[in-house]
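Engineer: Quick one, what's the 3D model for this:
(chains A, B, C and D)
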Protein chains: 2
Amino acid sequence: MKKDHIIFLIGRIQYKANRFLSQEMKAHGIKGLAPSHGEILGYLMARGPLPMSGIGRIIDKDKSTITALVNKLIRIGYVEKKRDPADSRISLIALTRKGMALKPSFLLIAQKLRAHSYKGVLDDERETLVNLLDKINANL
Amino acid sequence: MKKDHIIFLIGRIQYKANRFLSQEMKAHGIKGLAPSHGEILGYLMARGPLPMSGIGRIIDKDKSTITALVNKLIRIGYVEKKRDPADSRISLIALTRKGMALKPSFLLIAQKLRAHSYKGVLDDERETLVNLLDKINANL
DNA sequence: TGTTAATAGTTTGATATGAAACTCTATTGC
DNA sequence: GCAATAGAGTTTCATATCAAACTATTAACA
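Structural biologist: Purely as a prediction, here's the structure:
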């Protein structure tokens, strides 16, 4: 029976991780943001400007959701939208100066989440875990 | 870097599992239900009547969310609410006949999800996976 | 080259979700 | 016994999310 509970466990972990991230962002003075917003900002920090479709592909949410999320980030001032000169259907989303300023906090928060969740988990166990999750992710 | 992506992977897997469950429920003629509703029904099938607070504890959602979810299940007719005679603060939620009739479909769907997601994963790997996820879940 | 199909985003409407304030009941401490 | 506190649910409000229909632009192809 026990090994049937992976999906259940995964749901719980995600829920708790989200709660953790929300709390930490708030503690760093980043308020009013959901984890999805953080995820978008994180990817922009790592990869530079991205089109809406690219963001959607990465965070795996409906494109209308991306529109809403990015609009909020624009409203707050963390992000700006530019027309792609080569293809005017495309909007490129880029961090503003205010958005870039969040990077140090984000790195700290990500590190803290990792430290918490992996407490007592060995390096090769993490490796195993990622490989198994990768396989399941590919199966679905 | 790769082993830092567990939370990311978990999010994707949960998203896909939810999509899978929604599709399967629809295919079985169970329409208009979100995975959370299915989760509640599944627990009622397994454990019998539960108080709202118990449901909340199991599926780890806010009590106001539980109220909304259960109300919908009542409206559709899968579930009914009874006062606990011993403690009138408590509402006991129980499956109706119509709700119980869903059980065979639910078992099939759960089995299909497991078969899909675990394709190519050995039994002892599943064991390992659950143990590691358990640890992370406890850490958070 | 002009029509059709594909792609990028947005809008609209519905729903799940959470937070905070509130009601009602039970329990606890004096 | 009675006041204060805790517990179970609900209501209200705000927001993330998805699906479907829509607009606008580019690509395909005949």
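Engineer: is stretch A:118-134 up against chain B anywhere?
Structural biologist: Yes: for stretch A:118-134, a contact with chain B is found by Cβ under 8 Å from any Cβ of the partner chain, at A:118-121, A:123, A:125-130, A:132-134. Yep, even glycine has a C-beta here, placed from its N, CA and C like the rest.
Engineer: helix, strand or coil for residue A:81?
Structural biologist: Each residue gets one of three states, and residue A:81 gets strand by DSSP: H, G, I helix; E, B strand; the rest coil.
Engineer: and it, how many neighbours?
Structural biologist: Residue A:81 has 15 neighbours, counted by other Cβ atoms under 10 Å in any protein chain shown.
Engineer: Please name the bridge partners of the nearest residue to it once chain neighbours are set aside.
Structural biologist: Among residues not flanking residue A:81 along the chain, residue A:91 sits closest, at 4.9 Å (Cβ to Cβ, 6 or more residues apart in numbering or on different chains). On the basis of DSSP bridges, residue A:91 is bridged to residue A:83.
Engineer: who are the neighbours in contact with the residue nearest the centre of chain A?
Structural biologist: Central residue of chain A (Cα atoms, centre = their mean): residue A:39, 2.0 Å from the mean position. Residues in contact with residue A:39, defined by Cβ atoms under 8 Å, 6 or more residues apart in numbering or on different chains, are residue A:59.
Engineer: What residues sit buried inside the helix ranked longest in chain A?
Structural biologist: The longest helix of chain A (DSSP state H) is helix A:6-27. By neighbour count with 16 or more other Cβ atoms under 10 Å in any protein chain shown, helix A:6-27 contains the buried residues A:6-18, A:20-22, A:24-25.
Engineer: In a helix, residue A:131, correct?
Structural biologist: Yes: Residue A:131: assigned to a helix according to three-state DSSP.
Engineer: Would you map the helices across chain A?
Structural biologist: Counting by DSSP H, the helices of chain A are A:6-27, A:35-47, A:52-59, A:63-76, A:97-100, A:103-117, A:123-139.
Engineer: Turn those helices into JSON lines, including distance to DNA strand C and mean pLDDT.
Structural biologist: As requested, these are exported to JSON lines (distance: least, Cβ to the nearest atom of the strand, whole Å; pLDDT from 0 to 100):
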{"stretch": "helix A:6-27", "distance to DNA strand C": "6", "mean pLDDT": "84"}
{"stretch": "helix A:35-47", "distance to DNA strand C": "11", "mean pLDDT": "94"}
{"stretch": "helix A:52-59", "distance to DNA strand C": "3", "mean pLDDT": "93"}
{"stretch": "helix A:63-76", "distance to DNA strand C": "3", "mean pLDDT": "97"}
{"stretch": "helix A:97-100", "distance to DNA strand C": "17", "mean pLDDT": "96"}
{"stretch": "helix A:103-117", "distance to DNA strand C": "17", "mean pLDDT": "91"}
{"stretch": "helix A:123-139", "distance to DNA strand C": "20", "mean pLDDT": "91"}
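Engineer: right, and those - which one's nearest residue B:29?
Structural biologist: Distance to residue B:29, taken as Cβ to Cβ, is lowest for helix A:6-27 among the helices of chain A, at 22.4 Å.
Engineer: Could you list the alpha-carbon positions for that closest one in PDB?
Structural biologist: Presented in PDB, the C-alpha positions along helix A:6-27 are these (Å, rounded to 0.1, in the frame of the first residue of the first chain):
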ATOM      1  CA  ILE A   6       3.700   9.000  -4.100                       C
ATOM      2  CA  ILE A   7       1.300  11.300  -5.800                       C
ATOM      3  CA  PHE A   8      -0.200  12.000  -2.400                       C
ATOM      4  CA  LEU A   9       3.200  12.800  -0.900                       C
ATOM      5  CA  ILE A  10       4.100  14.900  -3.800                       C
ATOM      6  CA  GLY A  11       1.000  17.000  -3.400                       C
ATOM      7  CA  ARG A  12       1.800  17.600   0.300                       C
ATOM      8  CA  ILE A  13       5.400  18.500  -0.400                       C
ATOM      9  CA  GLN A  14       4.500  21.000  -3.100                       C
ATOM     10  CA  TYR A  15       1.900  22.500  -0.800                       C
ATOM     11  CA  LYS A  16       4.400  22.900   2.000                       C
ATOM     12  CA  ALA A  17       7.100  24.200  -0.300                       C
ATOM     13  CA  ASN A  18       4.700  26.800  -1.600                       C
ATOM     14  CA  ARG A  19       3.800  27.900   1.800                       C
ATOM     15  CA  PHE A  20       7.500  28.100   2.800                       C
ATOM     16  CA  LEU A  21       8.200  30.200  -0.300                       C
ATOM     17  CA  SER A  22       5.300  32.600   0.400                       C
ATOM     18  CA  GLN A  23       6.400  33.100   4.000                       C
ATOM     19  CA  GLU A  24      10.000  33.600   3.100                       C
ATOM     20  CA  MET A  25       9.200  36.100   0.300                       C
ATOM     21  CA  LYS A  26       7.000  38.000   2.800                       C
ATOM     22  CA  ALA A  27       9.800  37.900   5.300                       C
END
